[in-house]
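1. all I have is the shape, not the residue letters:
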């Protein structure tokens, strides 16, 4: 995906995910950092569950890292790293609830939420 196309897709994502947010590099960097965190949690969960899709998830995570590296964010690297970690922990909790929660209603909710977040991020990398 070309850099310009990626930027346009990311701007559209910002307008959908946070309508009041300005589409500057700080917002885009924060979104990419969040997606890196989510996909880090997805990769680790796939390893834990011996899921054959872990390699695909790793490639997607690498795509978010490449986009973040291409941006020149106004946000400090420390702030972005903290956001990545916070998002990873939160997403990992959703995945754990979805997989191991005894309450099927709560587990179902957690599964839907984790899938929704994952799909929103993955949509940034799609060529369509």
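-> Received, thanks. Just so it is clear, the model here is predicted, and its values are computed rather than measured. Numbering: from 1, shown residues only.
2. show me the strands in the protein, by range?
-> Here the chain has no strands by DSSP state E.
3. need the contact list for the residue nearest the centre of it.
-> The residue at the geometric middle of the chain, judged as the C-alpha nearest the mean C-alpha position with C-alpha atoms, centre = their mean, is residue 35 (1.9 Å). Contacts for residue 35 were tallied using C-beta atoms under 8 Å, 6 or more residues apart in numbering; they are 64, 121, 124. Backbone N, C-alpha and C define where each C-beta goes, glycine included.
4. isn't the second one up against residue 40?
-> Yep, that's residue 121 we're talking about. No - judged on C-beta atoms under 8 Å, residue 121 makes no contact with residue 40 at a distance of 11.3 Å.
5. where does this structure dip in pLDDT?
-> 1-26, 127-128 (pLDDT under 70).
6. let's see 90
-> Along the chain, the parts satisfying pLDDT under 90 run over 1-27, 48, 51-54, 69-77, 101-104, 125-128.
7. distance between stretch 54-73 and the chain's centre?
-> Centroid separation between stretch 54-73 and its chain, computed with C-alpha atoms, centre = their mean, to the nearest Å, is 9 Å.
8. for stretch 104-111, same thing?
-> Taking C-alpha atoms, centre = their mean, one finds stretch 104-111 lying 20 Å from the centre of the chain it belongs to.
9. thank you kindly, that will do.
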